[in-house]
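A.B. asks: Below is the sequence, then the predicted model.
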Amino acid sequence: DTGSAAAVPIDPRFDIAYVTPVTIGTPPQTLQLDFDTGSSDLWVFSSHTPTSQIRGQEIYTPDKSTTSKLLDGHTWSITYGDGSASRGNVYTDNFTVGGLAVASQAIQCAQQVSSSFTTEESIDGLLGLGFSTLNTVNPASQLTFFDNAKSKLGSPVFTADLKNKQAGTYDFGFIDKAKYTGEITYVPVNPDPGYWTFTSSGYAVGSGNFSGSPITGIADTGTSLVYLPTAIVTAYYRQVQGATNSRNYGGYVFPCSATLPPFTFGVGETKFTIPASYMSYAPVTDGSSTCFGGLQSSSGIGVNIWGDVALKAAFVVFNGANPPTLGWATK
Ligand SMILES: CC[C@H](C)[C@H](NC(=O)[C@H](C)NC(=O)[C@@H](CCSC)NC[C@@H](N)Cc1ccccc1)C(=O)O
């Protein structure tokens, strides 16, 4: 089997996050989920979520599904790097993504979500595509959709073709040659503790020389920006007129009219260039002429993160074989 579904930016102006339609239950209930390779819980806004915490999101109602089953006594609770969090109970039900079906997928129903999820009305939940070891369900952790689907897939892979300010695609079970150019460069993945962790071969700022120092980090479709070591980030913003590291906004900002250099990162022998236009993320507040950078320091996180700003510049193969690898191609 295979599956293919759109990854749609939740805001037409800035690529904050992407959502993908999924169906849950019988008859099918359609929700838009944020596919997130940086976590491994599949959780949804639901009939168990307090209405005071719902603002326009679609919800999953297990009682309306003839195939839903309560996973008795199981609970979950997750926290994310940006401080957001959610928790709740667990059902299993039929689940499909782009025509690919899993019969009894663990669906984590939110009984509590933090405010940033409530205010993000375009995201009805998250679909974790990290390794199942990261799943937070207690007393028995649950498998991700990808792990449940793997045995049905021609090839144990999924690919991310995220795009700048337009819809891209997540494919499951096959690699679409029409989506990339040249060869795919595969690099090793360390699946411990559960992220798609790989090592980049270095970076360059604009037309500057390539610095071949290895950078270990995670490929995270659920994070908007790129977070790298401070030395790299300061080298980048030294090339941006008027850039400052703002305590007020929590990162590097600059005049939206500034000329930005592109940013190049290496994977093996291949080099990927993030265009300058991707390096300006969004105005700090609506209508402001001060913009927040797409590249920020990872010093506060402790992990380097290759988020959407970088992933949009490539076609990425998440190879779930044993051992797992990450494939990167230009497009
Ligand atoms: C503070 C929490 C730390 C980061 C850690 N949690 C994690 O690593 C979780 C699984 N992953 C995440 O917090 C990050 C990766 C952080 S690298 C340590 N990825 C998922 C995140 N972007 C999902 C998201 C999407 C939209 C809105 C908000 C959040 C933990 O539980 O210990």
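C.D. replies: Nice, I can see it. Residues are numbered from 1 along each chain as shown.
A.B. asks: Can you give me the buried ones in stretch 177-188?
C.D. replies: By neighbour count with 16 or more other CB atoms under 10 Å, stretch 177-188 contains the buried residues 180, 184-186. For glycine as for every other residue, the C-beta is placed from the backbone atoms N, C-alpha and C.
A.B. asks: again, but for stretch 271-288
C.D. replies: In stretch 271-288, counting by 16+ other CB under 10 Å, buried: 271-272, 274, 276, 278-284.
A.B. asks: One more: stretch 37-48?
C.D. replies: Burial within stretch 37-48, assessed by neighbour count using 16+ other CB under 10 Å, is assigned to 37-46, 48.
A.B. asks: The buried residues of stretch 271-288 in strands, which ones?
C.D. replies: Among the buried residues of stretch 271-288, the members falling in strands (DSSP state E) are 271-272, 274, 280-283.
A.B. asks: Those residues: which ones sit near the ligand?
C.D. replies: The subset of those within reach of the ligand, by CB under 6 Å from any ligand atom, is empty.
A.B. asks: Leaving out sequence neighbours, find the closest residue to residue 54.
C.D. replies: Nearest residue to residue 54, sequence neighbours excluded (CB to CB, 6 or more residues apart in numbering): residue 45, at 6.0 Å.
A.B. asks: What pLDDT is listed against the one residue in the stretch 151-300 of the chain that gets nearest to the ligand?
C.D. replies: The stretch 151-300 of the chain approaches the ligand most closely through residue 222 (3.5 Å), counting by CB to the nearest ligand atom. At residue 222, the pLDDT value in this model is 98.
A.B. asks: In what element of secondary structure is it found?
C.D. replies: Residue 222 is part of no helix or strand, with elements assigned from DSSP states H and E.
A.B. asks: Tell me the residues of the stretch 101-250 of the chain that contact the ligand?
C.D. replies: Within the stretch 101-250 of the chain, the positions lying close to the ligand (CB under 6 Å from any ligand atom) are 126, 134, 218, 220, 222-223.
A.B. asks: And these, which two are furthest apart?
C.D. replies: Within these, 126 and 218 form the most distant pair, 15.6 Å apart (CB to CB).
A.B. asks: Give me the contact list for the helix or strand hosting residue 168.
C.D. replies: According to DSSP H and E, residue 168 maps onto strand 166-172. Applying CB atoms under 8 Å, 6 or more residues apart in numbering, the contact partners of strand 166-172 are 2-9, 18, 20, 35, 97-98, 100, 146, 149, 153, 157-162, 176, 179, 312.
A.B. asks: Thanks a lot, catch you later.
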